[in-house]
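Visitor: sequence and predicted structure below; questions after.
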There are 2 protein chains.
Amino acid sequence: MGCLWISLLIAFLVSSTAEASYCAANGVPIVRNISEISQDNYGRLGLSHMTIAGSVMHGFKEVEVWLQTFAPGVRTPIHRHSCEEIFVVLKGSGTLYLASNSHKNYPGSPQEFPIFTNSTFYVPVNDAHQVWNTNEQEDLQFLVIISRPPVKVFIYDDWYMPHTAAKLKFPYYWDERCYETSPIKDEL
Amino acid sequence: MGCLWISLLIAFLVSSTAEASYCAANGVPIVRNISEISQDNYGRLGLSHMTIAGSVMHGFKEVEVWLQTFAPGVRTPIHRHSCEEIFVVLKGSGTLYLASNSHKNYPGSPQEFPIFTNSTFYVPVNDAHQVWNTNEQEDLQFLVIISRPPVKVFIYDDWYMPHTAAKLKFPYYWDERCYETSPIKDEL
Ligand SMILES: [Zn+2]
Ligand SMILES: [Zn+2]
């Protein structure tokens, strides 16, 4: 019986230490080795997402930096968000689908932009878009920089779904776990 | 004489086209090849600075992304700024010198943090700091992400200069050329 209590205590201590380093809203070490930062697929097969600098996760207030790797065929949902978003492609190639905000009530047929190693691209605030690893041979890896974290993502089923029907996913998948432990306001 | 006028006209047209693509405050192409973005040393030997996404230069409002390469021995001035700043080291190694804001009236002796390939580091808002390629063999290359652009940099001669004596350099070196052609407010 004493042994069970000790085991439970150890399990509790280990899990709260792991949680403290994963969700470190009060700040992270100044320098970190990126290969030691935890990554996850958040239920999307072939995705690797790593929050290098996060708001809910690490306490940054104005910018957030992610490192993402998409296996061949992996894509984001069609989505929009009210923030600046800049990509720096480190490896591979793919396609950005972007529907510019042309005053219709749905995104409409997107423009296609090839993206490639050592390219940079951005998504204008609120434009619906989708990033897709359309290269069947290689992983696509990029850094993502967003403003106004944590991100509030509106998801579309297709390019013809009305803007008003797009579904808000907040907190977003990689913010869920830390948002629950230390919720912050959904406002700037 | 006619030939001189035609030459001047051509020179004018060429220079204004170059200026339009360098200072594109109304927006840049959605996708760009990073190896075609213009870079400069802005008078600092051994520096290569490239503004991948800039506020004065490209019209971004909330974040800015730079790619910098420091030859061995190259360093930033000792400086501070009131924004979030995150680095992703792509190549090489070096040292971050960081004086945490401990309520003195000067930065004081900094802490030294080794930085290395595939590391990420950040500078707390308003802390005085210096990034130095202390590796004598290799270039140090990193991406820099800042919030609240354009950056307002306060420069110190040394770590014991009072905060009140640090000199504001605004617009910063890489913002000067475009700031003159399309000044924007020094306030958020
Ligand atoms: Zn997006
Ligand atoms: Zn700095």
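Guide: Everything's here; your move. Numbers count the residues shown, from 1 in each chain, chains lettered A, B, ... in the order given. Ligands and ions are numbered 1, 2, ... in the order given.
Visitor: for A:Val56, helix, strand, or coil?
Guide: With DSSP: H, G, I helix; E, B strand; the rest coil as the basis, A:Val56 sits in helix.
Visitor: can you count the residues close to it?
Guide: By other CB atoms under 10 Å in any protein chain shown, 26 other residues sit near A:Val56. Placement of C-beta: from N, CA and C, glycine included.
Visitor: list the contacts for it?
Guide: A:23, A:25, A:149-150, A:171, A:175, A:178-179, A:182, A:184 (CB atoms under 8 Å, 6 or more residues apart in numbering or on different chains).
Visitor: one more pass at 6 Å, please.
Guide: Shown in contact with A:Val56 (CB atoms under 6 Å, 6 or more residues apart in numbering or on different chains): A:150, A:175, A:178-179.
Visitor: can I get these in CSV with secondary structure?
Guide: Below are the contacts of A:Val56 laid out as CSV (three-state DSSP):
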residue, secondary structure
A:Pro150, coil
A:Asp175, helix
A:Cys178, helix
A:Tyr179, helix
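Visitor: list, one by one, the residues from chain A near chain B.
Guide: A:30-35, A:52-53, A:60, A:62-63, A:65, A:84, A:86, A:113, A:115, A:118-121, A:145, A:147 (CB under 6 Å from any CB of the partner chain).
Visitor: how about A:Tyr97: what's its closest non-neighbour residue?
Guide: In this structure, A:Tyr97 finds its nearest non-sequential neighbour in A:Pro110, 4.0 Å apart by CB to CB, 6 or more residues apart in numbering or on different chains.
Visitor: could you point out which residue ranges in chain A have low pLDDT?
Guide: By pLDDT under 70, the weakly predicted segments of chain A are A:1-21, A:182-188.
Visitor: how about a cut-off of 50?
Guide: For chain A, the stretches with pLDDT under 50 are A:1, A:12-17, A:188.
Visitor: can you pull out the helices in it?
Guide: Applying DSSP state H to chain A gives helices spanning A:2-22, A:55-58, A:173-181.
Visitor: A:Cys23 against A:Thr181, yeah?
Guide: Yes - counting by CB atoms under 6 Å, A:Cys23 does reach A:Thr181; the two are 5.1 Å apart.
Visitor: compare these two (neighbour count), which wins?
Guide: With neighbours defined as other CB under 10 Å, A:Cys23 and A:Thr181 compare such that A:Cys23 has more, 20 against 12.
Visitor: what's the burial count for the nearest residue to that one once chain neighbours are set aside?
Guide: Computed as CB to CB, 6+ apart, the closest residue to A:Cys23 that is not its neighbour in sequence is A:Cys178, at 3.6 Å. By other CB under 10 Å, 23 other residues sit near A:Cys178.
Visitor: residues contacting A:Cys178?
Guide: A:23, A:56-57.
Visitor: one more time with 10 Å, if that's ok
Guide: Contact analysis of A:Cys178 by CB atoms under 10 Å, 6 or more residues apart in numbering or on different chains lists A:19, A:22-25, A:51, A:54-58, A:150, A:171, A:184.
Visitor: same question for A:Ala165.
Guide: Counting by CB under 10 Å, 6+ apart, A:Ala165 touches A:105-106, A:154, A:156-157.
Visitor: got a PyMOL select line for the buried ones in the contacts of A:Cys178?
Guide: Buried subset of those, written as a PyMOL selection, criterion 16 or more other CB atoms under 10 Å in any protein chain shown:
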select buried, chain A and resi 22+23+24+25+51+54+55+56+57+58+150+171+184
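Visitor: phi, psi of the residue nearest to A:Tyr97?
Guide: phi -80, psi 160 (degrees, to the nearest 10).
Visitor: that one: neighbour count?
Guide: 18.
Visitor: distance of it from chain B?
Guide: Distance of A:Pro110 to chain B, given as CB to the nearest CB, to the nearest Å: 11 Å.
Visitor: any idea how far A:Thr120 is from that residue?
Guide: Computed with CB to CB, to the nearest Å, the distance linking A:Pro110 and A:Thr120 is 19 Å.
Visitor: mind listing what the closest residue to A:Thr51 other than its chain neighbours touches?
Guide: Distances taken as CB to CB, 6+ apart put A:Met57 closest to A:Thr51, at 5.1 Å, once the chain neighbours are dropped. Shown in contact with A:Met57 (CB under 10 Å, 6+ apart): A:22-25, A:28, A:51, A:64, A:149-150, A:174-175, A:177-179, A:182.
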